[in-house]
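>>> can you look at this prediction? I've put the sequence above it.
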Amino acid sequence: MPSAIELIQSLVNGVGIGLVYGLIAIGFCVIYNASGIVNFAQGVFVMLGGMFAYSFLVGMKLPLALAAAISIALVAVVGVLVQIAVIRPMWKRKAPMFAIILATLAVQLLIEQIVILTLGDQPRTYPEFTSGGPLKIGQVAIGYQLFWVLGCGALMVGLLTLFFNKTRVGRALRACSQNREAAALLGIPVGSMLVLSFALSAALGAAAGILITPMQYTSYSIDGPFGVSGFIAAIIGGFGSAPAALAGGILLGVVQSAAIVVFGAGYKNVIALTVLLIVLLFFPKGLFGGLAKRA
Amino acid sequence: MAFLSVRNLTKRFSGLTANNDISLDVPEGSLFAVIGPNGAGKTTFFNMVSGFLAPTAGTIEFAGTDVTRMRQDKIAAMGLIRTFQLVQMFQGMSVAENVEVGCHLRTRGGVGSALVRPPWLRRQEAELRAKAHELLGFVGLGAQAKMSAELLPYGQQRLLEVARAMAAEPRLLLLDEPAAGLNAHETDALAAVIQQINARGVTVLLIEHDVGLVTRIAHRIAVLDFGCKIAEGTPDEIKRHPDVIAAYLGTETTDA
Amino acid sequence: MTSRDTIFTRLGRYGYFAVGGAIFFALLFAFVFVRGGYLLTVMQLAMIYGVFCIGLNFFMGYTGQASFGQNAFAALGGYGTAVLCVQFGWEPVFALIASMAIAGIASVIVGYPTLRLRGHYLAMATFALGLITYDISVQWTSVTQGYMGYSGIPPLGIGPFTIEDERMKLVCLMVILLFGLWVSGRLRNSRFGRALRAISTSELGAAALGINVARYKLAAFVIAALYASASGSLFAHVVGFISPEVFGLQMVVVTFTMLYVGGVGTVLGPAVGAIIASLLPEIVRSTGRFQDIAYALALIVMLIYVPKGLSALGGLGRSRVAEPGAGS
């Protein structure tokens, strides 16, 4: 039986990883709301974020902020390329949902293999953003990276909220999510909005990947589990607002890390995916609303 | 005891009452029509009777059995077969194959027999084809049997759906706006087919927007408006009914 | 005798095309058989993937449902047969059949709740099945030996008769593939298959005609799982080695590529696609990672430009049953 300290510790860890899931979930929502597409390759952005940041930080010894900025920008470019080269042509031909999902899976395999060829298949990690730590409260240790995750996560959600509410482009994107035909009639360039949604979503994923890598590791194969975890968080959050997605992510993270205490770390993905199946089966509309009916 | 007996059927969708306290008795062997202006709740009513929508309140009895909230395929197995306003064609299958799917309830066989193909199955398949051929001839699609179903013009797709439903040997056939989108000529052909089906002893419940068609062929008509049944009677009674003229025919003339 | 009786008579309508195709594949097979060497292995794998694709085609082609996690059942077959043979000394044939039974039961247990889902949920849930199986095969080292994988899996055979010769393996696999195709063809044109195909375009219409949609979907899912499990077991026996990577995401993408190359929803499509898609990379002599990249790219291009599969270009697509004198 795990001790109370262990459980509290796992809660703390769970919040950290959960926030990252939440960020990935927001990425899912941004694309889904703009286009009705669920991008199964979302985890690729997380993986690329971590791998690029590793290359710039450790390989080229760039300062952290610069490495992160370049990585995020590059991943956003990848997102745009995926949209233009794969999603848009299918979208224009009114491809069925199933075909689009399959295409995003193929994109995932494609990028994985390219990453193996260029950056290698070994797991990579780099030091936490701030040295020292962990912070000890009683017997519970809180790594400094958790504060970075919290801070950056809050910052990004705040910026997103501002973007969606206060800027012209953000409002246009929201209009697309409510009614694409009407948005097009109002003169909003829907096509460009879809590109933008992929860029935003990819950038969010990359940021999540950069934040989480020091706490775990990154490698070509983390994309599947992270993508699915983000999707689970999005489902729990009901594919609606960013805060709900974050809440969904934290819930999943906490459940997962509590389960790790019981079953062992090796099975964390199995646990997350089992949570997915349970959520899907018992709460097919999510805990905070449905996929079809967005609040 | 009526063949189909609907009691106090009500359906509410979050605040909106689509069907309010509808009661209806369809006698065996009759050709019964439910009419009403757009949005009167006809399709909601139909979906509940055929098990595609669970009612908020009320009961549906078919041939003496309570079928309220029964699964669609079980209701179909009892002999209550429906068509759809939006034609539900089985694409990628030929016209004849569509009708053969209709025979599902009247045939047997699963994976095992399909692999072994015992004599009875061969006989059954032969009968199946003969039946499909006969029914396609009946609705006038004999020449198109081998065509891909989705390539048929819209009016013929409707006829195919009727043939397919007939393959299930219904005791009660529910037709959901069968004349929607048909031209006058096609509507006449359809009316003849429906009357022949009824003459074969199949009870028909028809939902229709086209009042002309209904008053011509139906034995009895119920009128829905704003989710309520406002009148029921013979075609002549309905044509003279003041509420119907006000609610239905009135709006119809202003619409058209 | 109508043209629907067997897949062969139906093909007869396309006379030259069918005969040409049959001759082409016979010659190809003879060439590979005589030539031997590496091509034998390629063809063996094509047959194994072909078996998997026939199953995938049942669920996806005939029934019109999306599953991105059939590799889970292939893994079950592969590991099932490996453990039973290596740890418990079972006869390979019995191990293969037992693994299929296990996969069948597992697919009922998993499929019953999962298939109630729709759209993106169903897609993600099935995808998750593959990921879960992958992670278990990596982590449960006491049974699966983790990343190391399982080696020393005995070849197919009964008692003293084992098929160790590479050419005999190929013949044996081809017989199995043909049997799989025969089953698929018979079921497609039966009451059962018609119900599945009805469901694929209109669940409402099927239910209104008395078809128990949930049950038929589950049946198709189980059949697909049986084929997948058989192909996983065959891989284990023929190659003698399995690892988690064998049944990873690339298996999903590769098999869908094959299905699209051959033609979704046709009887022969899965086998034709598996053979063509396996041989093409050999012609350009690409291997390993580049091969996976090639598959992924090919699939993306096909999904965009020929969404009905390459066979649609030759007029052999799924609507061929139906083509009258009109059409093309």
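The structure has been received and is ready for your questions.
>>> before we move on, which element is residue 257 in?
I went with chain A, as the question did not name one. helix A:242-263 (DSSP states H and E).
>>> the intended chain is chain C.
helix C:249-262.
>>> any residue of that helix up close to chain A?
Yes: contact of helix C:249-262 with chain A (CB under 8 Å from any CB of the partner chain) involves C:249-250, C:252-253, C:256. C-beta here means a position set from N, CA and C on the backbone, and glycine is covered the same way.
>>> following element in sequence after that helix, please.
Later in the chain than helix C:249-262, the nearest helix or strand by DSSP H and E is helix C:269-283.
>>> list the contacts of that following helix.
Applying CB atoms under 8 Å, 6 or more residues apart in numbering or on different chains, the external contacts of helix C:269-283 come out as C:21, C:25, C:28, C:38-39, C:42-43, C:45-47, C:49-50, C:53-54, C:56-57, C:61, C:177, C:181, C:184, C:254-255, C:257-263, C:287, C:291, C:294-295, C:298, C:309-311.
>>> quick one: buried ones out of these?
C:21, C:39, C:43, C:45-47, C:49-50, C:53-54, C:56-57, C:61, C:177, C:181, C:184, C:254-255, C:257-263, C:291, C:294-295, C:298, C:309-311 (16 or more other CB atoms under 10 Å in any protein chain shown).
>>> chain neighbours aside, what residue packs nearest to the closest residue to chain C within the stretch 151-256 of chain B?
Proximity of the stretch 151-256 of chain B to chain C (CB to the nearest CB) peaks at residue B:168, 5.5 Å away. Spatially, and ignoring its direct neighbours in sequence, residue B:168 is nearest to residue B:81 (4.7 Å; CB to CB, 6 or more residues apart in numbering or on different chains).
>>> so how many other residues sit close to that neighbour?
Applying other CB atoms under 10 Å in any protein chain shown, we find 27 residues neighbouring residue B:81.
>>> which element is it on?
Secondary structure from DSSP H and E places residue B:81 in strand B:80-82.
>>> which residues sit against the following helix or strand past that strand?
Using DSSP H and E, the helix or strand that follows strand B:80-82 towards the C-terminus is helix B:95-102. Outside helix B:95-102, the residues that touch it by CB under 8 Å, 6+ apart are B:89-90, B:93, B:128-129, B:131-133, B:135-136, B:141, B:144-149, B:152, B:160, B:163-168, C:194-195, C:197-198, C:206, C:209, C:211, C:321-322.
>>> sketch out the strands for the chain, chain order is fine.
Because you didn't say which chain, this covers chain A. A:135-137, A:140-142 (DSSP state E).
>>> my bad, chain C
Secondary structure of chain C (DSSP E): strands at C:150-151, C:157-158, C:161-162, C:241-242.
>>> where does the stretch 101-250 of chain A dip in pLDDT?
A:133 (pLDDT under 70).
>>> residue numbers of it in contact with chain C?
Counting by CB under 8 Å from any CB, the stretch 101-250 of chain A sits next to chain C at A:101-103, A:105-110, A:112-114, A:116-117, A:224-225, A:228, A:231, A:235.
>>> 10 Å instead, please
Applying CB under 10 Å from any CB of the partner chain, one finds that the stretch 101-250 of chain A approaches chain C through A:101-114, A:116-117, A:121, A:221, A:223-225, A:227-228, A:231-232, A:234-235, A:239.
>>> may I have the phi/psi pair for the residue of chain B found nearest chain A?
For chain B, the residue closest to chain A is residue B:14, as judged by CB to the nearest CB, at 10.9 Å. Dihedral angles of residue B:14 (phi, psi; degrees, to the nearest 10) stand at phi 20, psi 70.
>>> break down chain B into its helices, ranges please.
Using DSSP state H, the helices of chain B run over B:42-49, B:72-77, B:95-102, B:111-116, B:119-139, B:154-167, B:184-199, B:211-217, B:235-240, B:242-244, B:250-255.
>>> pick the most buried one from those.
Across the helices of chain B, averaging neighbours per residue (mean count of other CB atoms under 10 Å in any protein chain shown) puts helix B:95-102 on top, at a mean of 28.
>>> contact partners for residue 232?
Since you didn't name a chain, this refers to chain A. Neighbour list for residue A:232: A:21, A:24-25, A:28, A:248-249, A:251-252, A:255-256, A:272-273, A:275-280, A:286, C:124, C:128 [criterion: CB atoms under 10 Å, 6 or more residues apart in numbering or on different chains].
>>> wait, chain C was what I had in mind.
Taking CB under 10 Å, 6+ apart, we find residue C:232 in contact with C:48, C:51-52, C:70-82, C:96, C:99-100, C:103, C:242, C:246-247, C:251.
>>> cool, residue C:31 as well?
C:39, C:43.
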